[in-house]
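*Asks:* below is the structure, and that's it, no one-letter string:
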């Protein structure tokens, strides 16, 4: 299974390793927008705000374009959908985007899942994406309340067969399922060198890597023991094989 952060490039063309092109879907959460949100927006086919994420889009995106009128920016960056339990989005923000044609999906009847979970289900069930090789980019997924961060990481595990990338200004996180061997094509102009591999859901009895300063070789990793933090990418391709699901994280440069 190949991975690449080419969605942070101006013109992502194909999946890493020459595979099929990916269809990107952007979810905006209710945290500070990463500075590269306009680039994610440009590369996404569908853009969704998770409840209060609409407030962030409305309030913060114009700040990334100080030379332009805020109203023009808000009209240009109109989400396709706002979905969630609607306990955070402001009424004036909801009304503004509804008037522009944004679809609003009220899922307040479901109090057992997070707004991110609700949005992933919505994307998964879209008929026009059934045959697409999708990758879901989640902006504002890290930082702030720790329980929210853990909830977002839990979504990676709940939807382990779906490519989901959690993004902040500083780093990204994605799941590497144990069902595959992984080849990560590092975009050295925009990410690295610091990285980490963390077992999630249980210990890893055997993990092996190439392309890192401190490679693993059938290494056991577990909480309470060794986990691979503050590692460094030394090659443009990193390979990972493990008997347990791992979280891959890598630092992002100032894009």
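*Replies:* Happy to help now that I have it. What you see is a predicted model, and the numbers here were worked out from it, not measured in a lab. Numbers count the residues shown, from 1 in each chain.
*Asks:* just give me the neighbour total for the closest residue to residue 7 other than its chain neighbours.
*Replies:* Take residue 7 and drop its neighbours on the chain: the residue closest to it by C-beta to C-beta, 6 or more residues apart in numbering is residue 43, 5.1 Å away. All C-beta spots, glycine's among them, are computed from the backbone N, C-alpha and C. If you count neighbours by other C-beta atoms under 10 Å, residue 43 ends up with 19.
*Asks:* same question for residue 181.
*Replies:* Residue 181 is surrounded by 12 other residues when neighbours are defined as other C-beta under 10 Å.
*Asks:* tell me who's in contact with it.
*Replies:* In this structure, residue 181 makes contact with 1, 239-241, judged by C-beta atoms under 8 Å, 6 or more residues apart in numbering.
*Asks:* need phi/psi at it.
*Replies:* Torsion angles at residue 181 (phi, psi; degrees, to the nearest 10) stand at phi -90, psi 150.
*Asks:* report the separation between it and residue 242.
*Replies:* With distances taken as C-beta to C-beta, to the nearest Å, residue 181 is found 9 Å from residue 242.
*Asks:* the residue nearest to residue 7 reaches residue 22, doesn't it?
*Replies:* No - Residue 43 is beyond contact range of residue 22, at 9.4 Å (criterion: C-beta atoms under 8 Å).
*Asks:* are we agreed that residue 153 is in a strand?
*Replies:* No - looking at residue 153 with DSSP: H, G, I helix; E, B strand; the rest coil, it is helix, so not inside a strand.
*Asks:* burial measure for it, as a count.
*Replies:* Using other C-beta under 10 Å, the number of residues around residue 153 comes to 18.
*Asks:* quick one: residues contacting it.
*Replies:* Applying C-beta under 8 Å, 6+ apart, we find residue 153 in contact with 166, 173, 200, 247.
*Asks:* of all those, which two lie farthest apart?
*Replies:* Taking every pair in the contacts of residue 153 and measuring C-beta to C-beta, the maximum separation is 12.5 Å, between 166 and 200.
*Asks:* flag the shaky bits of the stretch 51-200 of the chain, pLDDT-wise.
*Replies:* Filtered on pLDDT under 70, the stretch 51-200 of the chain yields no residues whatsoever.
*Asks:* what about residue 166 and residue 200, which has more around it?
*Replies:* For the pair residue 166 and residue 200, the greater number of neighbours falls to residue 166 (26 against 18), based on other C-beta under 10 Å.
*Asks:* surely that one touches residue 139?
*Replies:* No - assessed by C-beta under 8 Å, residue 166 is found out of contact with residue 139, at 9.0 Å.
*Asks:* okay, and residue 113 sits in which element?
*Replies:* Taking DSSP states H and E as the criterion, residue 113 maps to no regular element, lying outside all helices and strands.
*Asks:* quick check: closest non-adjacent residue to it.
*Replies:* residue 121 is the one closest to residue 113 (C-beta to C-beta, 6+ apart), at 7.8 Å.
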